[in-house]
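1. I'll drop the sequence and a predicted model, then ask my questions.
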Amino acid sequence: MPDVISEESLRNAVDVLVRLVEAAGAVVIVVGAAIGFARFLIWLVRRQGTGGFTSVRLDLGRFLVLGLEFQLAGDILRTAIAPTFEDLGQLAAVAAIRTALNYFLAKEIKEEQAEIAREQHDAGGGDPR
Amino acid sequence: MSVVDTLSFALGGAGVVVVVIMTVLGGRWRLGLSLALDLWLAAGLLRLTADLSWRGIASAATIVVIRQLVGFGMRADRRVFDPVTPGAGPTPA
């Protein structure tokens, strides 16, 4: 009985999907970095406080986390078409790096959100200056 | 140079610009370095999309480790010294 979809066709289809998903991750990272840099320049011109700078980093961190999620999805899809153990090993290493980074970034975002909330609370409680 | 290489290079350059500007304007190099590390990380992640070799993986891992170590060091510093206030001079080393 002939295959409904040949293995080669399936491999090609998954390969295209991997490229699309990884490209989406790359676009998110580039757009996030560009926005972050632009917001930094605006922060510089407006001479805002440290809280404004933290907000810039926070948003850049969020874009990086989202980009990483796409790239991790691409890594998972790629395991479906990884033909050799070396390819699988490389995928495992990349997935480990991206997962660890995701964890650290999420932790930093949480800390920076707490710092912004603390600064807003302090400012609302009366500026000593 | 491919598109990914160009963008990665641009992000790396943007990081350098951030550090230079923040150092020149009031000596706030720590703040500049924190943002620059994020931009260099973005550059590293972008390169990893195009270069899935052991060398590319090692480069990305190195950037992540350096970023975490420097970030850890700066947070430890912040616990000892006060944060920089706008308009104030450089923080003590």
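-> Structure received.
2. and A:D87, how many residues sit next to it?
-> 14 (other CB atoms under 10 Å in any protein chain shown). Yep, even glycine has a C-beta here, placed from its N, CA and C like the rest.
3. for it, give its distance to chain B.
-> 9 Å (CB to the nearest CB, to the nearest Å).
4. contacting residues for that residue?
-> Applying CB atoms under 8 Å, 6 or more residues apart in numbering or on different chains to A:D87 gives no contacts.
5. for the closest residue to A:V30 other than its chain neighbours, what are its contacts?
-> Once flanking residues are discounted, A:V30 sits nearest to B:L7: 5.5 Å by CB to CB, 6 or more residues apart in numbering or on different chains. Taking CB under 8 Å, 6+ apart, we find B:L7 in contact with A:30, B:43, B:46.
6. hmm, the second one is touching B:T6, no?
-> No: judged on CB atoms under 8 Å, B:A43 makes no contact with B:T6 at a distance of 10.9 Å.
7. any part of stretch B:23-33 near chain A?
-> Yes: for stretch B:23-33 and chain A, the contact criterion (CB under 8 Å from any CB of the partner chain) is met by B:25, B:31.
8. what's the helix or strand for the most centrally placed residue in chain B?
-> Chain B has B:L37 as the residue nearest its centroid, 1.5 Å off, counting by CA atoms, centre = their mean. Element membership for B:L37 (DSSP states H and E) is helix B:29-50.
9. on that earlier part again, what about the residue nearest to the centre of chain B, distance to A:L41?
-> Separation of B:L37 from A:L41 (CB to CB, to the nearest Å): 18 Å.
10. gap between the nearest residue to the residue nearest to the centre of chain B once chain neighbours are set aside and A:V16?
-> Excluding the flanking residues, the one nearest B:L37 by CB to CB, 6+ apart is B:R67, at 4.6 Å. Going from B:R67 to A:V16 by CB to CB gives 32 Å.
11. which one's more surrounded, those two?
-> The residue with more neighbours, out of B:R67 and A:V16, is B:R67; 22 against 10, by other CB under 10 Å.
12. please tell me the pLDDT value assigned to that one.
-> Note on B:R67: pLDDT of 85.
13. would stretch A:66-73 count as contacting chain B?
-> Yes: judged by CB under 8 Å from any CB, stretch A:66-73 and chain B are in contact via A:67-68, A:71.
14. now that stretch, how far from the centre of its chain.
-> 6 Å (CA atoms, centre = their mean, to the nearest Å).
15. average pLDDT across that stretch?
-> 89.
16. which of the residues in that stretch are buried?
-> Residues of stretch A:66-73 classed as buried under the neighbour-count rule (16 or more other CB atoms under 10 Å in any protein chain shown) are A:66-73.
17. in CSV: those residues, plus secondary structure.
-> Rendered in CSV, the data for those read as follows (DSSP: H, G, I helix; E, B strand; the rest coil):
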residue, secondary structure
A:L66, helix
A:G67, helix
A:L68, helix
A:E69, helix
A:F70, helix
A:Q71, helix
A:L72, helix
A:A73, helix
